[in-house]
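Enquirer: any chance you could fold what I've pasted below:
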Amino acid sequence: MPSVSKSYLLIYNVLQSVGWAVAFFQVIAGIKQAGSLTGAYATAGETVGFFQFLAVLEILHAAIGIVGGSPVTSLMQWGGRSNVLFAVVKSVPEVQATPAVGAMLLVWALSEVVRYPWYAAVTAGVCPQWLTWLRYTAFIALYPVGVVGEMHAVYLALPYIGARKLHSVTLPNSLNFAFDYRVFMIVS
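Expert: Numbers count the residues shown, from 1 in each chain. This is a model prediction of the structure:
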């Protein structure tokens, strides 16, 4: 890997590490302030949104070959999480202060404060074995909790999405095309 690419990736991963660490502490502060998971989005939602959006660059990283992996896989991972965060949680304020969203943000932040430092350390060639172990072990507990939090947040949002026809296209229209986002979320 050329030196410029390596330097860029190191800066990118350090930036994401710091950003997600800030998000993690904001999630904890929100939980502490509210006395439950319901306070997480109010304190960390914008920060999580910014660093989740920034992660779109990972699709480009894979597409231009400066990291291994498939751009399609990166797109699916980024798109899935972004869909839940931006199209569901951000669009339906009624679900933002729920334990489901709080758990989701807590788990996302925890996983990213392991993943991005690992990427940075590997890029710099100084990755300790314990960080590699944590990178490949922590997700075993975090992934299912995150998925359940995401699914529960979507489930809670479905009535609002349906009633407001959020992100949906109804007939008639000039394209003669219909799309029901609520149904899409149920089947996907």
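Enquirer: buried ones in stretch 120-137?
Expert: Neighbour-count burial for stretch 120-137 flags 120, 121, 122, 123, 127, 131, 135 (criterion: 16 or more other C-beta atoms under 10 Å). C-beta coordinates here come from the backbone N, C-alpha and C atoms, glycine included.
Enquirer: what pLDDT, on average, does that stretch get?
Expert: Computed over stretch 120-137, the mean pLDDT rounds to 98.
Enquirer: in the protein, which spans are helices?
Expert: 3-34, 40-54, 57-64, 71-82, 99-124, 129-164, 181-187 (DSSP state H).
Enquirer: follow-up on the earlier one: which of the buried residues of stretch 120-137 lies closest to residue 59?
Expert: Residue 59 lies nearest to residue 123 out of those, by C-beta to C-beta, at 18.0 Å.
Enquirer: closest one to residue 172 among the helices of the chain?
Expert: helix 181-187 (18.2 Å).
Enquirer: which residues of the protein score low on pLDDT?
Expert: Within the chain, the segments meeting pLDDT under 70 span 1-2.
Enquirer: which of the buried residues of stretch 120-137 sits closest to residue 147?
Expert: Closest approach between these and residue 147, by C-beta to C-beta: residue 135, at 18.4 Å.
Enquirer: distance check, the closest one against residue 165.
Expert: 41 Å (C-beta to C-beta, to the nearest Å).
Enquirer: pick out the residue nearest the middle of this structure.
Expert: Centre of the chain computed as the mean C-alpha position; nearest residue by C-alpha atoms, centre = their mean is residue 81, 4.4 Å away.
Enquirer: how much space between that residue and residue 174?
Expert: From residue 81 to residue 174 the distance is 33 Å (C-beta to C-beta).
Enquirer: repeat that for residue 110.
Expert: In terms of C-beta to C-beta, residue 110 sits 46 Å off from residue 174.
Enquirer: so these two - more neighbours on which side?
Expert: A side-by-side neighbour count of residue 110 and residue 174, using other C-beta atoms under 10 Å, places residue 110 first with 19 against 5.
Enquirer: and the more buried one, what is it in contact with?
Expert: Counting by C-beta atoms under 8 Å, 6 or more residues apart in numbering, residue 110 makes contact with 24, 138, 142.
Enquirer: by neighbours, which of those wins?
Expert: For these, counting by other C-beta under 10 Å, the largest number of neighbours falls to residue 24: 21 neighbours.
Enquirer: check contacts around residue 97.
Expert: With C-beta under 8 Å, 6+ apart, residue 97 has these contacts: 34, 38, 39, 41, 42.
Enquirer: next one: the fourth one from residue 138, what distance?
Expert: Applying C-beta to C-beta, the value for residue 41 to residue 138 is 22 Å.
Enquirer: swap in the third one?
Expert: Look at residue 39 and residue 138: by C-beta to C-beta, they are 23 Å apart.
Enquirer: report how many residues lie close to residue 84.
Expert: Residue 84, neighbours per other C-beta under 10 Å, totals 23.
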